[in-house]
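Participant: Below are the sequence and a predicted model; questions follow.
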Amino acid sequence: MRRILVVDDEESFRKSMAAQLKLKGFHVIEAGDGLEGVEMAMQHNPEVILSDVQMDNMNGFMMVEELQQDPKTASIPVILMTSAALAAGAWDSGVAVEYLEKPFTIAKLLEVINKIAKK
């Protein structure tokens with residue numbers, strides 16, 4: 001079963017994403033902020049990480065930078081969800097980071113997951 005980590009500090013949005021992804025056959029791990037996201041990525045080695053950008057404690061960009069520091073998590077593709085995708089696109093990353101502009105459909109999310117997921 002494909003594992004995906006959903007990181008978002010807005011619980012209702014995170015739960016909704018998790019429920020929809022579970023219906024599509026994913027094993028979903030959840031985290032409430034970037035710090036917890038890094039911990040969950042280390043523990044569960046997800047195939048893809050879906051993360052909000054704007055969060056307390058550690059935002060999405062900081063989380064990606066933290067994940068890149070560890071060989072175990074450095075190659076996990078990340079999808080950053082933001083309502084400012086165009087501005088966020090100016091941020092350059094050496095790893096597989098995709099931007100998904102909120103709001104988006106589950107079909108669009110699955111398209112992006114399939115595009116960047118490890119085969």
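Facilitator: Perfect, I can see it now.
Participant: just the strands in this structure please.
Facilitator: Ranges of strands in the chain, per DSSP state E, are 3-7, 27-31, 48-52, 78-82, 97-101.
Participant: Buried residues in the second one, which are they?
Facilitator: Spelled out, it's strand 27-31. Buried residues in strand 27-31, counted by 16 or more other C-beta atoms under 10 Å: 28-31. For glycine as for every other residue, the C-beta is placed from the backbone atoms N, C-alpha and C.
Participant: Can you say which of the strands of the chain is packed in most?
Facilitator: Of all these, strand 48-52 carries the top mean neighbour count, a mean of 26, counting by mean count of other C-beta atoms under 10 Å.
Participant: now the angle between strand 78-82 and that one, please.
Facilitator: Going by axes from the mean of the first three to the mean of the last three C-alpha atoms, to 10 degrees, strand 48-52 is angled at 20 degrees with respect to strand 78-82.
Participant: which residues are in contact with stretch 32-48?
Facilitator: With contact meaning C-beta atoms under 8 Å, 6 or more residues apart in numbering, stretch 32-48 is reached by 2-5, 7-9, 11, 14, 29-31, 49, 51, 55-60, 62-63, 66-67, 70, 72-73, 76-79, 113, 116-118.
Participant: make it 6 Å
Facilitator: For stretch 32-48, the external contacting residues (C-beta atoms under 6 Å, 6 or more residues apart in numbering) are 2-5, 7, 9, 29, 31, 55-59, 62-63, 66-67, 73, 77, 113, 117-118.
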